[in-house]
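J.: Provide a 3D model corresponding to the input given below.
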Amino acid sequence: MLDLLHYEDFVPHVNSSFHVRFSDEVQHDFTLVSVVNKPLPKQEQFVLTFRAPADAPKQQWLCQVSHPVLGEAGLFLVPVEANETGVIFAAIFNRPL
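T.: Numbering: from 1, shown residues only. Predicted structure coming up:
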């Protein structure tokens with residue numbers, strides 16, 4: 001269901017926890033740190049940014065992501081920054097209107 005949601009659906013959940021399953025053996029809780037709207041004339045476009053623990057995999061993955069209110073879906077997560085405090089991942093939504 002997460003993949004069917006829109007920018008406005010995610011905004012109230014900034015700073016909440018999302019469970020991310022890379023595989024059965026590799027799972028982490030991520031924090032949604034920002035939701036940025038980047039609309040185009042004929043496109044809905046927005047970016048979710050998550051903070052993950054420092055030991056999260058630092059490669060792009062199609063992950064199973066779940067949230068207690070928003071539901072569950074497969075999201076393609078891409079690491080965009082990593083340091084000793086954690087890894088920042090982004091998910092980009094881009095849909096025709």
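
J.: make it CA atoms for all contacts and neighbour counts henceforth
T.: OK.

J.: Start and end of stretch 16-32, how far apart?
T.: With C-alpha to C-alpha, to the nearest Å as the measure, stretch 16-32 spans 6 Å from end to end.

J.: Poorly predicted segments of the chain, please.
T.: Counting by pLDDT under 70, the chain shows low-confidence ranges at 1-3.

J.: And the residue of the chain positioned farthest from its centre, its phi and psi?
T.: Among the C-alpha atoms of the chain, the one most distant from their mean position (C-alpha atoms, centre = their mean) is that of residue 41, at 23.8 Å. As for residue 41, its main-chain torsions (degrees, to the nearest 10) stand at phi -50, psi -40.

J.: same thing with the one 5 residues further on?
T.: Recorded main-chain torsions at residue 46 are phi -150, psi 160, according to degrees, to the nearest 10.

J.: what's the answer for residue 8, then?
T.: Dihedral angles (degrees, to the nearest 10) for residue 8: phi -60, psi -30.

J.: Name the SS class of residue 29, please.
T.: Classification of residue 29 by DSSP: H, G, I helix; E, B strand; the rest coil places it in strand.

J.: and stretch 74-86, how far from the chain's centre?
T.: Remark: stretch 74-86 is offset 9 Å from the chain centroid, using C-alpha atoms, centre = their mean, to the nearest Å.

J.: What residues of it count as buried?
T.: By neighbour count, with 16 or more other C-alpha atoms under 10 Å as the criterion, the buried positions of stretch 74-86 are 74-79, 82, 86.

J.: now swap in stretch 41-56 and tell me
T.: So for stretch 41-56, counting by 16+ other C-alpha under 10 Å, buried means 44-53, 56.

J.: What segments of the protein are strands?
T.: 17-21, 27-37, 43-52, 61-67, 71-83, 86-96 (DSSP state E).

J.: Could you dump those into CSV with distance to residue 4 added?
T.: Below are the strands of the chain laid out as CSV (distance: least, C-alpha to C-alpha, whole Å):
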stretch, distance to residue 4
strand 17-21, 16
strand 27-37, 15
strand 43-52, 12
strand 61-67, 13
strand 71-83, 9
strand 86-96, 10
